[in-house]
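> Build me a model:
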Amino acid sequence: LSWQKQAEKIVSDQTAINARSGGRNAALVAIDPHSGEIRALIGSADYANASWGKYNVAIASRQPGSTFKPIYFAEAIEQRLITPATILRDEATDFGGGYKPTNFDFKFRGDMTVRSALAQSINIPAVKVMQKLSVSAAVETAQRMGLTTIQKDNNYGLSLAIGSAEVKPLEIINAYAAFANSGLQYDTTTIQSIGDKYGDTIYRHSPQSRRVQSEQASYIISNILSDNSARAPSFGSSLTISGRNVAVKTGSTNDNRDAWTIGYTPSIAIGVWVGNNENQPMTAGGAPLAGPIWRKAMTAFLGNSAREEFTRPSGLVEASICRDNGLRATGNATNTYSEVFLSGTLPTESCGSSSSQPSTSMNEPTQTQTTTDSDNDGVIDTNDLCPSTPAGTQVTSGGCPVVTTQSADTDGDGVADSVDACPNTPA
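Next up is the predicted model:
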């Protein structure tokens, strides 16, 4: 209960400050990624408020804004449609039907890497990632990661990329908890055990996990969201927790009607929503309003515990990349940085002189493990997101079918006809 009491005070104190910007309410959820246990939950900043206090926003439906981006960025990485080094152009774009999204600061930055675009929360590149993946694939991914309010029969369009579809705070925070736990997710619970009047335990919660994203894609998302340098051009150090490796993402909706900050370490996922039950606009968004609550809660909950790092799985490669074009750095290349990739997705072109070979660091298993691959697709069952793939199907590192230009997809839903359980899905 100490976390709950700390959270209540943090939310109460900061909401008094947020009210100056029009944000009178807030919700906070803290989840243990390794069990699904809810360590703290606040559904209302002022339960005693006669007008709106007795309403649990933690399980209400709200637009997530940019906090939705990691959900489908992870899947686009997993499907090998993008890498963290992929260059996307941030410029005024008409995506069809008059849809012309803007960035939070109404500026355009030109060429950007996927890493920078996600870390800095830039909208135009994000919509381009959604285009590459498809809306239907993003919806399927969201459902797999536990977002029950996002439905296949809704015509979201590309605005889904910037969080137009409503989600429940509890559910999207638990989706981030899956990233914290290498792609494994537990159902949330508030009960560990129940005892009777004689002191005997009559129920004990036994958590069961399921894989909702691959280890590799989950690690890459965590690596990007914990990159303080990549985030700094948009957010400075406002979300940085000194001495800690913490992944974090903010979100805001139109007119700042919703303000979010969700972040995690390997041992705790914390999400904060700030807004008004009646959906009135505010004068600030995610980082200024939800960010301070999140940062104070994360700092308090971590306390004096040891610093944690996200465990890098096998199946990843690290290489030196040129910042301006996303190509592999060789020879005398300048303005480079080290980037991480799924094995097999390194850029094939290089920058710099050709006098030396690009350096590559492999992260492979250090010992032989006993594994089972029931459908013989080359992905062990514990990492297989699609455990019953037909023999001979080309799959991603998560074990799901890859739709290529040669694969028939009659209904255009992003799923090859050979494995489509609903082959006549409306466009």
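> who does whichever strand or helix holds Ile262 touch, helix- and strand-wise?
Using DSSP states H and E, Ile262 sits in strand 258-265. Here strand 258-265 touches helix 169-180, strand 247-252, strand 268-275, helix 291-302, going by 3 or more Cβ pairs under 8 Å, 6 or more residues apart in numbering; DSSP states H and E. Every C-beta, even on glycine, is put in place using the N, C-alpha and C of the backbone.
> I'd like the ones you listed as CSV, with distance to Ser159, mean pLDDT and mean neighbour count appended.
Shown next, in CSV, are the helices and strands packed on strand 258-265 (distance: least, Cβ to Cβ, whole Å; pLDDT from 0 to 100; neighbours: other Cβ atoms under 10 Å):
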stretch, distance to Ser159, mean pLDDT, mean neighbour count
helix 169-180, 17, 98, 27
strand 247-252, 14, 97, 27
strand 268-275, 19, 98, 30
helix 291-302, 24, 97, 22
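> Nearest to Thr336, out of the ones you listed?
strand 247-252 (23.8 Å; Cβ to Cβ).
> between that closest one and strand 258-265, how big is the angle?
170 degrees (axes from the mean of the first three to the mean of the last three Cα atoms, to 10 degrees).
> Tell me which strands strand 247-252 pairs with, and in which orientation.
When sheet partners are counted by DSSP bridges, strand 247-252 sits next to strand 258-265 (antiparallel).
> who wins for proximity to Gly157 among the helices and strands packed on strand 258-265?
Of all the helices and strands packed on strand 258-265, it is strand 247-252 that lies closest to Gly157, at 18.5 Å by Cβ to Cβ.
> The closest one versus helix 291-302: what angle between them?
Orientation check (the same axes, to 10 degrees): strand 247-252 against helix 291-302 gives 150 degrees.
> Pipe the helices and strands packed on strand 258-265 into CSV and attach distance to Glu318 per row.
Listed next are the helices and strands packed on strand 258-265 as CSV, based on distance: least, Cβ to Cβ, whole Å:
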stretch, distance to Glu318
helix 169-180, 19
strand 247-252, 18
strand 268-275, 26
helix 291-302, 27
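> between these, which one is nearest to Gln14?
Comparing those by Cβ to Cβ, helix 291-302 comes nearest, at 4.8 Å.
> show me where the stretch 101-250 of the chain has helices.
114-119, 123-133, 135-144, 169-180, 215-225, 228-235 (DSSP state H, counting those that start in this stretch).
> returning to what we had before: for Lys100, which of the helices and strands packed on strand 258-265 is the nearest?
Each of those was scored for nearness to Lys100 using Cβ to Cβ, and the closest is strand 247-252 (18.4 Å).
> Show me what the mean pLDDT comes to for the strand holding Ile262.
For strand 258-265, the mean pLDDT works out to 98.
> got the CA positions of that strand in CSV?
Output in CSV follows, covering the C-alpha atoms of strand 258-265 (Å, rounded to 0.1, in the frame of the first residue of the first chain):
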residue,chain,number,x,y,z
ASP,A,258,-5.9,14.2,-23.2
ALA,A,259,-2.3,14.4,-21.9
TRP,A,260,-0.3,11.2,-21.4
THR,A,261,3.0,9.9,-20.2
ILE,A,262,3.7,6.2,-20.1
GLY,A,263,7.1,4.7,-19.2
TYR,A,264,8.8,1.6,-17.8
THR,A,265,11.9,-0.2,-16.6
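> Also compute the angle for that strand relative to helix 215-225, please.
120 degrees.
> what's the closest of the helices of the stretch 101-250 of the chain to Asp324?
Here helix 114-119 is closest among those (Cβ to Cβ), at 11.7 Å.
> Counting by contacts, list what that closest one packs against.
Secondary elements touching helix 114-119 (3+ Cβ pairs under 8 Å, 6+ apart): helix 69-78, strand 87-90, helix 123-133, helix 215-225, helix 228-235.
> mind listing what's buried in that helix?
Val114, Arg115, Ser116, Ala117, Leu118, Ala119 (16 or more other Cβ atoms under 10 Å).
> hmm, who's touching it?
Under the criterion Cβ atoms under 8 Å, 6 or more residues apart in numbering, residues 69-70, 73, 82-86, 88, 90, 122, 125-126, 129, 224-225, 227, 230-231, 233-234, 339 lie in contact with helix 114-119.
> and those, which are buried?
Here, 16+ other Cβ under 10 Å leaves 69-70, 73, 82-86, 88, 90, 122, 125-126, 129, 224-225, 227, 230-231, 234, 339 buried among the contacts of helix 114-119.
> distance between the ends of stretch 270-285?
One end of stretch 270-285 sits 18 Å from the other (Cα to Cα, to the nearest Å).
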